[in-house]
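**Student:** sequence and predicted model, in that order:
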Amino acid sequence: MTRIYDCSVDEEYATGMRLARAAIGRGALVVIPTDTVYGLAADAFNPGAVQKLLDAKGRVRQSPPPVLVPGIPTLDALAENVPQPVRDLVAAFWPGGLTVILNAQPSLVWDLGETQGTVALRMPRNPVALDLLAETGPLAVSSANTTGLPSAIDVIGAEDMLGISVAVYLDGGVAGLDYEPIGDRAGDTSSTIIDATGFDSNGGLLVIVRNGVISRTDIEAVIGQALAPEASR
C-alpha cells in the first residue's frame, strides 16, 4: 500500500526515510520534495528502476532523467572534463535550482536512457532530499508528474498523477516557495538547465536550454561572456 509520510513529524519522518531507503534499494520508486518541484526518484545505477521511472511518467528513453547528487564532490565522480565556468556556477548556485548537462564519465555502469554519453546533474537545496541522497548516493530524479502535465509542487499533486506506481511519498510541504517562478511556463519553479557538453567545440560557451528559477542575469553575473547569447524565439 502506498503511504505518504509527513516529514514535519519526527516519527513519520524517520519511518518514511527508512522505507524510502529500502524502496530505492529494491528498485522501487519514491517521491521526494526538492527546493524547486517534487521529484520522482529511482536508483540511478539500477536500469530496471530507471525504466520504471520512465514508464510511470509516460516518457521514452530519448528523454532520460537528470541525476540528483548529495554534494559538489560527486560532480567529478559522474562527469568528465568539468569546465571552469561550470565549477564557478556550481560554487554559486549549488545546492539550488541549477542543473548542468555534462559529458558523463565513460566508466560509469548505468543506463539512464538515450543520453548520448551525457548526464544532467543537480544538487538540490532541500533537507529531505539531501538526507535521502546521503544514504542512497546519486538518484535519477525527474519531476513528479506524468508527461504533459505541470510538475507537482506538493505531495498530493504528485500522488494524484503517479498513484500506486510509487512505493513511498515523502511530504516536505510546498516546493519552490523560495524562488520566483520565472521559468518558461507561467508559475514554473523548475530548475534552470545549462548545457556544457559543447564547451570544447563551440568556443567555450555554456548554453541555457531551459529557463528556470536561476535567472540568465544571475548566471551571466558569474560567468560573463562564457554564457552563450540568448537564442531568438
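**Tutor:** Happy to help now that I have it.
**Student:** now the protein, which segments are flagged as low pLDDT?
**Tutor:** 1-2, 232-233 (pLDDT under 70).
**Student:** can you give me the helices in it?
**Tutor:** Assigned by DSSP state H, the chain shows helices spanning 10-25, 47-57, 74-78, 84-93, 127-136, 155-162, 216-223.
**Student:** so for residue 202, which of these sits nearest?
**Tutor:** Evaluated over the helices of the chain, closeness to residue 202 peaks at helix 84-93, with 12.3 Å, by CB to CB. Every residue, glycine included, has its C-beta placed from N, CA and C.
**Student:** residues of that closest one that come out buried?
**Tutor:** The neighbour-count check on helix 84-93 (16 or more other CB atoms under 10 Å) flags 85-86, 89-90, 93 as buried.
**Student:** isn't residue 23 right next to residue 167, touching?
**Tutor:** Yes: using CB atoms under 8 Å, residue 23 makes contact with residue 167 at a distance of 4.0 Å.
**Student:** looking at this structure, which residue ends up farthest from its center?
**Tutor:** residue 203 (27.5 Å; CA atoms, centre = their mean).
**Student:** any idea how far that one lies from residue 226?
**Tutor:** 9 Å (CB to CB, to the nearest Å).
**Student:** what is in contact with residue 23 and residue 167 at once?
**Tutor:** Counting by CB atoms under 8 Å, 6 or more residues apart in numbering, the shared contacts of residue 23 and residue 167 are 29-30.
**Student:** can you name the residues in contact with stretch 66-84?
**Tutor:** Outside of stretch 66-84, the residues within contact range by CB under 8 Å, 6+ apart are 34, 39, 41, 44, 87, 90-91, 94, 99, 102-106, 108, 112, 119-124, 129-130, 133-134, 137-142, 196, 199-200, 204, 206.
**Student:** what's the end-to-end length of it?
**Tutor:** End-to-end distance for stretch 66-84, by CA to CA, to the nearest Å: 21 Å.
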